[in-house]
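Novice: after the sequence you'll find the predicted model.
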Amino acid sequence: MLGLVRKRNRHGTGASRARTALAAGAAALATALVTATAPLALAAEEHSEQWLTGYWHNFDNGSTVLTLADVPSEYNLVAVAFADNHPTLDGGITFDLAVGELDGYTEEGFRSDVAAIQAEGRKVVLSVGGELGHVSVANAAQARNFADTAHALMLEYGFDGIDIDLEHGIDAQYMEAALRDLSADAGPDLIITMAPQTIDFQYETAPYYELASNIGDILTIVNMQYYNSGTMLGCDDQVYAQGTPDFVAALACIQLEMGLSPGQVGLGLPAVPSAAGGGYMPPSEIVAALDCLEAGTNCGSFTPETPYGPIGGVMTWSVNWDATNGYAFADALSARLGSGPTDPPTDGPTGEPTQEPTGPPADCASPAWSSTTVYTGGDTVSHEGAEYRAKWWTRGEEPGTTGQWGVWETLGTC
């Protein structure tokens, strides 16, 4: 996933490569991306629930080691990272559970956990690629081998589908052929997801752009990696810097205007700052980007001409990194996806107060909140006349803005 502290530390920084490629594609974007193409026949329309996708590590990169049974139920789509090159079939893939790195997690336990997740109505897919993955599908034989081996792994482990996270280039023609062959083999319930880098959608002739356009009828969701990206052009031809709601909303607009349905567009962000080289956003800012895209509220300098309604969901690298922060990402984003856009502020009070003040506020005893300070569970702060206690690790999330399910618990006025 473009430069995360290795998606085994998989995901390098990627920014310089992205900027080089951007120079070649920016001119094409200026005239092409703002015009929507003809509507596609969309597989996502059959799935009304929004996805909260989390990648699960089949390796130990120093974040934390988990079994699939440890993945919180908030993640209704789990991407197992990663498949490897098949040793004998060119273009094919294989999967080997890293038993040694995963504290003795067994094949039997893994298969049982896949089935248990699915019994809850959630899905599990096998991700192909990452920073170190170099699966090549560039001819008809490789496409057939990819489809055959992917289908065999689905049958062996019970996977619901495949995630394409190839970060070293793809051939749109033959990857489409491989995925259509896999769709024919697996049937209509197949889940196909993609995790392209932002540069991959900066011009219409980019292979990932072409692939998404061409497989709209069988594509489940595109979870763009909005991190390790540097600056990019939004759908309005303006330049945006990563790590802001404007960046996410303006770049997601590219996919929303190219002919994908809103249900096929997801927002990919790192769970914690340590999970990426750049582009981390506090959950409250991801919520703002969702609100802007879906309802036209909480927008910054970029506002869509027409809100798109519910989009496909949110993805994170990764469940394991989220575990280091008490699953704050899963808690905040699942609550937002379940509740819908935040109501816009009103011009005045909406009714009488339900309770009279009990007395004048006392002086604030806790130190003032700082946007640059790291707080951990139990830390207290004061902010705008109230005191708050952190439920878990946080940095940059403003007290009073995270809601009842967010990181800050209100202690009272002061």
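Specialist: Noted; the coordinates are in hand. Residues are numbered from 1 along each chain as shown.

Novice: confirm that Ala332 sits in a helix.
Specialist: Yes: counting by DSSP: H, G, I helix; E, B strand; the rest coil, Ala332 is found in a helix.

Novice: wait, it touches Pro283, no?
Specialist: Yes: contact criterion Cβ atoms under 8 Å: Ala332 and Pro283 qualify, at 3.6 Å. Just so you know, the C-beta spots here come from the backbone N, C-alpha and C atoms, and that holds for glycine as well.

Novice: more neighbours, those two?
Specialist: Of the pair Ala332 and Pro283, Pro283 is the one with more neighbours under other Cβ atoms under 10 Å, namely 27 against 23.

Novice: contacting residues around that one?
Specialist: When contacts are counted by Cβ atoms under 8 Å, 6 or more residues apart in numbering, Pro283 touches Ala328, Phe329, Ala332, Leu333, Arg336, Glu397, Thr402, Gly406, Val407.

Novice: same thing but 10 Å
Specialist: Neighbouring residues of Pro283 by Cβ atoms under 10 Å, 6 or more residues apart in numbering: 269, 271, 314, 316, 328-333, 335-336, 394, 396-397, 402-403, 405-407.

Novice: got it, and Pro87?
Specialist: Taking Cβ under 10 Å, 6+ apart, one finds Thr94 in contact with Pro87.

Novice: three-state assignment of it?
Specialist: On the basis of three-state DSSP, Pro87 is classed as coil.

Novice: can you check Ala150 too?
Specialist: Applying three-state DSSP: Ala150 is helix.

Novice: quick one: it from Tyr157, how far?
Specialist: As judged by Cβ to Cβ, to the nearest Å, Ala150 and Tyr157 stand 11 Å apart.

Novice: now Asp379. Nearest residue, chain neighbours left out?
Specialist: Ala390 (4.6 Å; Cβ to Cβ, 6 or more residues apart in numbering).

Novice: again but with Gly109, I slipped
Specialist: Thr67 (6.7 Å).

Novice: what's the neighbour count on that neighbour?
Specialist: By other Cβ under 10 Å, the residues close to Thr67 number 15.

Novice: who's in contact with it?
Specialist: Taking Cβ under 10 Å, 6+ apart as the test, what Thr67 contacts is Trp56, Leu102, Asp103, Tyr105, Thr106, Gly109, Phe110, Ser112, Asp113.

Novice: cool, and Glu387?
Specialist: When contacts are counted by Cβ under 10 Å, 6+ apart, Glu387 touches 361-362, 364-366, 369, 380-381, 399, 408-414.

Novice: try it again with 7 Å
Specialist: Cys364, Ser366, Thr380, Leu411, Gly412, Cys414 (Cβ atoms under 7 Å, 6 or more residues apart in numbering).

Novice: mind telling me what element the residue lying closest to the last one once chain neighbours are set aside is part of?
Specialist: By that I understand Cys414. Leaving aside its sequence neighbours, Cys414 sits nearest to Cys364 (Cβ to Cβ, 6+ apart; 3.9 Å). Using DSSP states H and E, Cys364 is not contained in any helix or strand.

Novice: wait, Cys364 touches His383, no?
Specialist: No: in this structure, Cys364 is not within contact of His383 by Cβ atoms under 7 Å, at 8.6 Å.

Novice: can you map out the helices along this structure?
Specialist: Using DSSP state H, the helices found in the chain span residues 6-9, 15-32, 107-119, 140-157, 172-186, 207-214, 245-257, 283-295, 319-323, 328-339.

Novice: closest one to Phe95 among those helices?
Specialist: Phe95 sits nearest to helix 140-157 of all those, at 5.4 Å, using Cβ to Cβ.

Novice: how far off centre is that closest one?
Specialist: Relative to its chain's centre, helix 140-157 lies at 25 Å (Cα atoms, centre = their mean, to the nearest Å).

Novice: what does stretch 234-242 give?
Specialist: 19 Å.

Novice: so what touches that stretch?
Specialist: 29-30, 33-34, 226-227, 229-233, 246-247, 250-251, 253-254, 257, 278-279, 302.

Novice: would you mind listing which of those are buried?
Specialist: Buried subset of the contacts of stretch 234-242 (neighbour count, 16 or more other Cβ atoms under 10 Å): 29, 33-34, 226-227, 229-230, 232-233, 246-247, 250-251, 253-254, 257, 278-279, 302.

Novice: how about stretch 204-223: buried residues?
Specialist: Buried-residue list, stretch 204-223, by 16+ other Cβ under 10 Å: 204, 206-216, 218-223.

Novice: ignore what I typed, I meant stretch 236-247.
Specialist: Asp236, Tyr240, Gln242, Gly243, Thr244, Pro245, Asp246, Phe247.

Novice: now do stretch 314-324
Specialist: For stretch 314-324, the neighbour count (16+ other Cβ under 10 Å) marks Val314, Met315, Thr316, Trp317, Ser318, Val319, Asn320, Trp321, Asp322, Ala323, Thr324 as buried.

Novice: quick check: end-to-end length of it?
Specialist: 19 Å (Cα to Cα, to the nearest Å).

Novice: mean confidence for it?
Specialist: What stretch 314-324 shows for mean pLDDT is 98.

Novice: any idea how far that stretch is from the chain center?
Specialist: From the chain centre to the centre of stretch 314-324 is a distance of 9 Å (Cα atoms, centre = their mean).

Novice: got the contact list for that stretch?
Specialist: 1, 4, 11, 52-57, 63-64, 66, 71, 75, 195, 223, 266-272, 274-276, 286, 329-330, 333, 337.

Novice: hmm, which of those residues are the buried ones?
Specialist: 1, 4, 11, 52-57, 63, 66, 71, 75, 195, 223, 266-272, 275-276, 286, 329-330, 333, 337.
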